[in-house]
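Chemist: here are the coordinates; sequence isn't available:
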């Protein structure tokens with residue numbers, strides 16, 4: 001097992017400002033379509049990176065011909081081609097996807113610019129929620145679904161602490177099961193669902209995302225059958241999760257399997273989306289939106305007689321809570337646009 005912390009370390013505040021806007025020269029030469037002999041970026045720092053190559057962990061730099069900051073160019077999960085002489089990074093294999101977040105999303109991860117690249121080349125994202133402490137928030141799930149769909153990342157939902165589940169949580173889970181989304185119930189305390197989850201993650205580079213305190217690190221421990229990861233609790237006064245994973249961590253737990261455990265966040269900012277595109281990330285709305293009277297219908301403040309989506313909510317064809325989640329997002333985006 002290899003365990004490496006992915007920390008955004010910078011040498012000084014001056015270095016953070018220096019060359020902040022530098023760009024790669026000859027970027028087309030930096031991307032390589034395919035190569036079977038590559039290393040995987042575990043951590044990208046300001047001037048160098050830690051790369052897992054042939055079961056060895058190497059600290060390496062970008063090739064000198066590229067005039068750019070290292071952690072503005074490569075990210076955790078990147079597949080890179082190394083120079084055999086000095087092990088500098090010569091090329092990046094074309095990424096299959098990237099998971100990016102807004103920097104104002106309540107995470108302790110900070111970065112320059114508008115977005116933070118969390119990781120790349122993700123085979124599967126696991127949205128981890130809990131049945132209790134912190135409580136299950138379907139609107140949070142909906143926002144993550146939008147983010148993952150927009151980045152072309154497959155996903156499943158895992159409800160941890162399932163031994164504390166009530167009828168309320170069961171009803172919420174059924175909403176997503178009815179949308180043909182894979183939902184797995186786990187309990188690390190009782191070892192429920194761990195084998196099922198391990199089998200799904202095997203052979204993939206996966207990422208765990210979710211609120212603080214839902215048990216992401218406990219799940220990683222259970223999957224790897226290890227007790228090396230710091231596990232946190234929920235704050236007694238607030239009922240909110242405490243940050244125990246403050247930086248993304250990369251775990252290789254099988255020859256072809258890896259997990260990226262990310263810091264918990266308390267909110268998810270999706271304010272960079274356009275209100276028009278949001279409806280396409282709600283599958284049940286996307287399928288029926290053409291039946292609305294007007295093509296530019298946002299299914300928000302239009303009359304019910306003109307909006308088939310609102311009619312479908314009233315007739316229970318579309319789940320009310322899902323529509324409520326959609327409407328809240330649209331309202332926020334429209335308010336921001338004013």
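Modeler: That came through, no problem. Keep in mind the model is a prediction, meaning the values are calculated, not measured.

Chemist: avg pLDDT for stretch 124-137?
Modeler: Averaged over stretch 124-137, pLDDT sits at 92.

Chemist: now do the end-to-end distance for it.
Modeler: 21 Å (CA to CA, to the nearest Å).

Chemist: longest helix in this structure, by number of residues?
Modeler: The residue-count maximum for a helix in the chain (DSSP state H) belongs to helix 320-337.

Chemist: secondary structure element for the residue lying farthest from the centre of the chain?
Modeler: Residue farthest from the centre of the chain, counting by CA atoms, centre = their mean, is residue 305 at 38.1 Å. Counting by DSSP states H and E, there is no helix or strand that carries residue 305.

Chemist: who's in contact with it?
Modeler: By CB atoms under 8 Å, 6 or more residues apart in numbering, residue 305 lies in contact with residue 293. Every residue, glycine included, has its C-beta placed from N, CA and C.

Chemist: find the nearest non-adjacent residue to residue 62, please.
Modeler: Spatial nearest neighbour of residue 62, excluding adjacent residues (CB to CB, 6 or more residues apart in numbering): residue 89 at 5.1 Å.

Chemist: picking up where we left off before, how close does the residue farthest from the centre of the chain get to residue 170?
Modeler: Distance of residue 305 to residue 170, given as CB to CB, to the nearest Å: 35 Å.

Chemist: for the residue nearest to residue 62, what are its contacts?
Modeler: Contact partners of residue 89, counting by CB under 8 Å, 6+ apart, are 49, 51, 60-63, 74, 80-83.

Chemist: which ChimeraX command selects the buried ones in those residues?
Modeler: The buried subset of the contacts of residue 89, as determined by 16 or more other CB atoms under 10 Å, is captured in ChimeraX by this line:
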select :49,51,60,62,63,74,80,81,82
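
Chemist: as TSV, the contacts of residue 89 with secondary structure, pLDDT and distance to residue 282 would be great.
Modeler: As requested, the contacts of residue 89 are exported to TSV (DSSP: H, G, I helix; E, B strand; the rest coil; pLDDT from 0 to 100; distance: CB to CB, whole Å):
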residue	secondary structure	pLDDT	distance to residue 282
49	strand	90	38
51	strand	92	39
60	strand	93	43
61	coil	92	44
62	strand	91	41
63	coil	87	44
74	coil	88	34
80	strand	94	37
81	strand	93	40
82	strand	94	43
83	coil	91	47
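
Chemist: which one of the contacts of residue 89 is nearest residue 153?
Modeler: Taking CB to CB as the measure, residue 153 lies nearest residue 74 of those, at 18.5 Å.

Chemist: that closest one is in contact with residue 40, isn't it?
Modeler: No - if you go by CB atoms under 8 Å, residue 74 and residue 40 don't touch, sitting 10.6 Å apart.

Chemist: what is in contact with these two at once?
Modeler: Common neighbours of residue 74 and residue 40 (CB under 8 Å, 6+ apart) are residue 80.

Chemist: can I assume residue 221 sits in a helix?
Modeler: Yes - per DSSP: H, G, I helix; E, B strand; the rest coil, residue 221 lies within a helix segment.

Chemist: I'd say it and residue 188 touch.
Modeler: Yes - with contact defined as CB under 8 Å, residue 221 reaches residue 188; the gap is 7.1 Å.

Chemist: domain ranges for this structure?
Modeler: 2-93, 98-261, 275-337 (automatic domain parsing).

Chemist: any idea how far residue 302 is from residue 309?
Modeler: Distance of residue 302 to residue 309, given as CB to CB: 9 Å.

Chemist: cool, and residue 295?
Modeler: Note on residue 295: its distance to residue 309, by CB to CB, is 13 Å.

Chemist: show me which of the two is the more surrounded one.
Modeler: residue 309 (26 against 7; other CB atoms under 10 Å).

Chemist: and the more buried one, which of the three is it?
Modeler: On the three-state scheme (three-state DSSP), residue 309 is labelled helix.

Chemist: next up, the contacts around it.
Modeler: Residue 309 neighbours (CB under 8 Å, 6+ apart): 285, 288-289, 292, 297, 299, 318, 323.

Chemist: among the residues you listed, which lie within helices?
Modeler: Of those, the ones assigned to helices by DSSP H are 285, 288, 323.

Chemist: where does the chain dip in pLDDT?
Modeler: 1-29, 102-115, 227-248, 266-267, 338 (pLDDT under 70).

Chemist: just the helices in it please.
Modeler: Using DSSP H, helices in the chain cover 13-17, 138-150, 167-177, 194-201, 216-224, 275-278, 283-288, 308-314, 320-337.

Chemist: buried deepest among these, which one?
Modeler: Most buried of these, by mean neighbour count (mean count of other CB atoms under 10 Å): helix 216-224, with a mean of 23.

Chemist: what packs against it?
Modeler: Helices and strands touching helix 216-224, as assessed by 3 or more CB pairs under 8 Å, 6 or more residues apart in numbering; DSSP states H and E, comprise strand 155-160, helix 194-201, strand 205-210, strand 248-254, strand 257-261.

Chemist: let me have those in TSV, extended by distance to residue 56.
Modeler: Shown next, in TSV, are these (distance: least, CB to CB, whole Å):
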stretch	distance to residue 56
strand 155-160	32
helix 194-201	24
strand 205-210	19
strand 248-254	12
strand 257-261	16
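
Chemist: winner for burial among those?
Modeler: Comparing those by mean neighbour count (mean count of other CB under 10 Å), strand 205-210 ranks first with a mean of 26.
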